[in-house]
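In: model the following, please.
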Amino acid sequence: MGMFSFYNNRRPRQFDHKPIYFDPHKEAMEERVRRIKKEMGLIEEDEDYKTSIKGSFVEGTSHLKKRRAKGETSSSRSSKSILLIVAVVVLVILGWYLFFK
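Out: Numbers count the residues shown, from 1 in each chain. Prediction:
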């Protein structure tokens, strides 16, 4: 049985909130500067925003990396699920036929 102690109490974790500030004027200014530099040819064309994001979530998770490495797609997962359901239905019908008839 544990004993309650007044001297060695654990302190609760502190909430550490770091606020994120959004400055629309600064964002608009950076976008104008980037667009003008691109028009002048000082910087090369950036990738499309969607292509830079695509796949970044998968790279952050281990189980999705494993699925991608195996070559598993959503259609193969759904076909495996349907096959499992059909197998369970066949086993239930077979069990009913053997034990109740």
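In: use CA for all of it now, contacts and neighbours both
Out: Fine.
In: helix or strand right after the lowest-mean-pLDDT helix or strand in the chain?
Out: Every helix and strand of the chain was ranked by mean pLDDT, DSSP states H and E. The lowest is helix 49-53, at a mean of 61. Sequence-wise, the next helix or strand downstream of helix 49-53 (DSSP states H and E) is helix 56-59.
In: average pLDDT for stretch 68-83?
Out: In this model, stretch 68-83 has a mean pLDDT of 87.
In: sorry, wrong one. I was asking about stretch 20-36.
Out: Model confidence over stretch 20-36, given as mean pLDDT, is 88.
In: how many other residues sit next to K101?
Out: Using other Cα atoms under 10 Å, K101 has 6 other residues around it.
In: that should have said L94, apologies.
Out: Burial of L94 is recorded as 11 neighbouring residues (other Cα under 10 Å).
In: contact partners of stretch 71-90?
Out: With contact meaning Cα atoms under 8 Å, 6 or more residues apart in numbering, stretch 71-90 is reached by R67.
In: if you set the cut-off to 10 Å instead, what comes out?
Out: Here stretch 71-90 makes contact (Cα atoms under 10 Å, 6 or more residues apart in numbering) with 64-67, 91-96.
In: pick out the most distant pair among the residues you listed.
Out: Farthest-apart pair in the contacts of stretch 71-90 is K65 and W96; separation 41.4 Å (Cα to Cα).
In: adding distance to P12 and secondary structure, write the contacts of stretch 71-90 out as TSV.
Out: Shown next, in TSV, are the contacts of stretch 71-90 (distance: Cα to Cα, whole Å; DSSP: H, G, I helix; E, B strand; the rest coil):
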residue	distance to P12	secondary structure
L64	34	helix
K65	36	helix
K66	37	helix
R67	39	helix
L91	53	helix
V92	52	helix
I93	56	helix
L94	57	helix
G95	55	helix
W96	57	helix
